[in-house]
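Chemist: Predicted coordinates and the sequence they were generated for:
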Amino acid sequence: MSIFNQESIYKKRLDYHASHSGFSVTEGLVSVMLVGVVTVGLSNLMGQAFKRVHDLKEKEDRVATGNYLLQFTDCDKTMADPKFEDACTKNLPVNLRDKDDNIILTSNGSRFDQLNVYNRCDGGAIFIGANTDKAPSVIPLLGGVPILCVSKIPPEFKNPVTMTINFVSVGKNLSITAVFVAKSVTTEPNGRRVAEMAVVEGSLKSVASGDFPEELARQLTAGALTAKAIFDPKNSNAPYAFNANLETKKLVFGGRDLGDQRFNMSQSGRTLNFEQNEGDVQALQTTVTREASADCKIKSNGKDPTPGNLHFTLTEEAPCDFLLPTLQITDIATAEKFDVDIGSYWVYPRWGAPDYAHGFGKTPNLSIVSRPGRNRKIMAIGAGKKIERVTLAIDNGFMLAQPDGKVYLLADAGNYLKSEVGNHKWEDVALFWLNSLKSASATFKNAGKIERLAPNSQTVFKKGSVIGLYDDTPDMGGKIDVDSLTKYVVTNNISLNWSIAEDRPKQK
């Protein structure tokens, strides 16, 4: 059969099926094609519809979230946050708060439905933006218009101020630091602006060094720290002032109940950058009685002064270098004992003559007050401060000789030097004493030429030194308590100094 015949048969079959199905083959093919087109079209339409719905939902969420934050943010509560001023100065995020002081948008960002919402503050203008998990780019809310919580703090107080407080003693220190920001500012009728300062939350820190008392450090750090800053435009020399107070409750130190204490700190200057030393804190002063040295016991030689001598050695040679800030001296008439600063020279006005046996002149601020009888009152002054009013008379004074030939006059009541034969200046007696020590002790055999010196509380006396008694006339006698003589009272002072520094933003 030829191919033409096969084609004829195939066409007849198609015609048969077409006549019995009601449409032609061409129509069937077209129908199939139309169904495919409609399906694709519907799919595209549905996808676009879903996208429009999704975009609309996100847009509605953005609008709703922005309006919510705009409506419920309470600027007074938000600005009361101690970190607000610092954050707005540095273009950082802040905590947005409502009128009930609830945080409705944290500085770290918050989740609202499908939105991740963030903010940043620029000088009180709070800009809000959001992204989604699928679209990380942050898009502004509220059309980019910020929520305005404009600071009421004038430019003079816009920057944070760091305060450092130091409680200092020898070999020990407590340093307290805190960052202050202006919380509110009032303007007085005279034009002065006064800022109430607040400590930024978490900024207060303390560090103790040396052997600063741990319990005292804890109490001081726990105290309430408050401050005010003042700007006076009329004071061109020092327009700024800073007044701070550290208040402690029921302070206990050195075994004493000190009650409530208030440490005041105040200074003024051209800027909010200065330092101030408030000096010793009287409430924190303690006293301790010590030997001449913690590791060096000055021992008596067991002998007492006898008449007929101008000088007398009272102690054995010191086993090490030592300090001797004070001497304990017994009044010759009353047997009362008093602590007298090393290098104290006064005059026992018994004889009425014009010269001093000690030769150094009277110590400034040592004054005599007359009273009936042979004794007189003096005012003993140490380290620039009054110690006590005492009745004290000695005849004459105490010396210390070092193996190198230096001889110190430790303390002296300086009976008037008279012109009669037998009276001697202490310098002459010191030379006699040193020569006798050279011949009696190998420690002193190489002592050089004598040096006659006046000591002070910081003088370090050399190993091998001895303490002696002298009299300008050879009539000394009595008994000396060397153990008491070589004990001294140590006053431990803790001073207070502080500084402030304004944290100005870096210039871009």
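Modeler: Now that the structure is in, tell me what you want to look at. As the structure is a computational prediction, the values presented were derived from the model and not from experiment. Residues are numbered from 1 along each chain as shown.
Chemist: Which elements pack onto the longest strand belonging to the chain?
Modeler: In the chain, taking DSSP state E as the definition, the longest strand is strand 172-187. Here strand 172-187 touches helix 84-89, strand 161-169, strand 193-199, strand 205-210, helix 214-221, strand 224-231, going by 3 or more CB pairs under 8 Å, 6 or more residues apart in numbering; DSSP states H and E. Glycine gets a C-beta too; all of them are placed from N, C-alpha and C.
Chemist: Could you identify which of these is most buried?
Modeler: helix 84-89 (a mean of 23; mean count of other CB atoms under 10 Å).
Chemist: how about stretch 252-259 as PDB, C-alpha atoms only?
Modeler: Provided in PDB are the C-alpha atoms of stretch 252-259 (Å, rounded to 0.1, in the frame of the first residue of the first chain):
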ATOM      1  CA  VAL A 252      32.900  52.200 112.000                       C
ATOM      2  CA  PHE A 253      36.700  52.500 111.800                       C
ATOM      3  CA  GLY A 254      39.600  51.700 114.100                       C
ATOM      4  CA  GLY A 255      37.300  50.300 116.700                       C
ATOM      5  CA  ARG A 256      35.400  53.500 116.900                       C
ATOM      6  CA  ASP A 257      31.700  54.100 116.000                       C
ATOM      7  CA  LEU A 258      31.900  57.300 114.000                       C
ATOM      8  CA  GLY A 259      28.200  57.600 113.200                       C
END
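Chemist: Buried ones in it, by neighbour count?
Modeler: Phe253 (16 or more other CB atoms under 10 Å).
Chemist: and if you look at stretch 451-463?
Modeler: Buried residues in stretch 451-463 (16+ other CB under 10 Å): Arg452, Ala454, Pro455, Thr459, Phe461.
Chemist: How about the contacts made by Gly464?
Modeler: Glu317, Ala318, Gln402, Pro403, Thr443, Phe444 (CB atoms under 8 Å, 6 or more residues apart in numbering).
Chemist: Can you name the residues in contact with stretch 299-316?
Modeler: 298, 399, 424, 429-430, 432-433, 436-437, 466-480, 482-483, 485-486.
Chemist: now do the same end-to-end measure for it.
Modeler: Criterion CA to CA, to the nearest Å; first-to-last residue distance in stretch 299-316 is 6 Å.
Chemist: Centre of the chain to that stretch, how far?
Modeler: With CA atoms, centre = their mean, to the nearest Å as the basis, stretch 299-316 stands 51 Å off its chain's centre.
Chemist: tell me the domain boundaries of the chain?
Modeler: 53-148, 157-283+494-502, 289-492 (automatic domain parsing).
Chemist: and Pro233, what does it touch?
Modeler: Gly191, Arg192, Pro239.
Chemist: List only buried entries from those residues.
Modeler: For those, buried by 16+ other CB under 10 Å: Arg192, Pro239.
Chemist: which among the contacts of Pro233 gets closest to Ala87?
Modeler: Pro239 (27.0 Å; CB to CB).
Chemist: The closest one against Ala229, yeah?
Modeler: No. In this structure Pro239 lies outside contact range of Ala229 using CB atoms under 8 Å: 11.0 Å.
Chemist: related to what we said a few turns ago, mind checking the helices and strands packed on strand 172-187 for the one nearest to Ala501?
Modeler: strand 161-169 (5.1 Å).
Chemist: what are the C-alpha coordinates of that closest one, in CSV please?
Modeler: Extracted as CSV, the C-alpha positions of strand 161-169 are listed here (Å, rounded to 0.1, in the frame of the first residue of the first chain):
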residue,chain,number,x,y,z
VAL,A,161,31.7,64.2,83.9
THR,A,162,34.0,61.5,85.4
MET,A,163,34.9,62.0,89.1
THR,A,164,37.7,60.2,90.8
ILE,A,165,37.9,60.2,94.6
ASN,A,166,41.1,59.0,96.4
PHE,A,167,41.4,58.2,100.1
VAL,A,168,45.2,58.1,100.6
SER,A,169,47.5,57.0,103.4
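Chemist: Please tell me how far the closest residue to Ser441 other than its chain neighbours sits from Gly464.
Modeler: Closest residue to Ser441 apart from its sequence neighbours, by CB to CB, 6 or more residues apart in numbering: Glu317 at 7.1 Å. As judged by CB to CB, to the nearest Å, Glu317 and Gly464 stand 5 Å apart.
Chemist: Tell me the residues that contact both of those two, please.
Modeler: With CB under 8 Å, 6+ apart, Glu317 and Gly464 have common neighbours Thr443.
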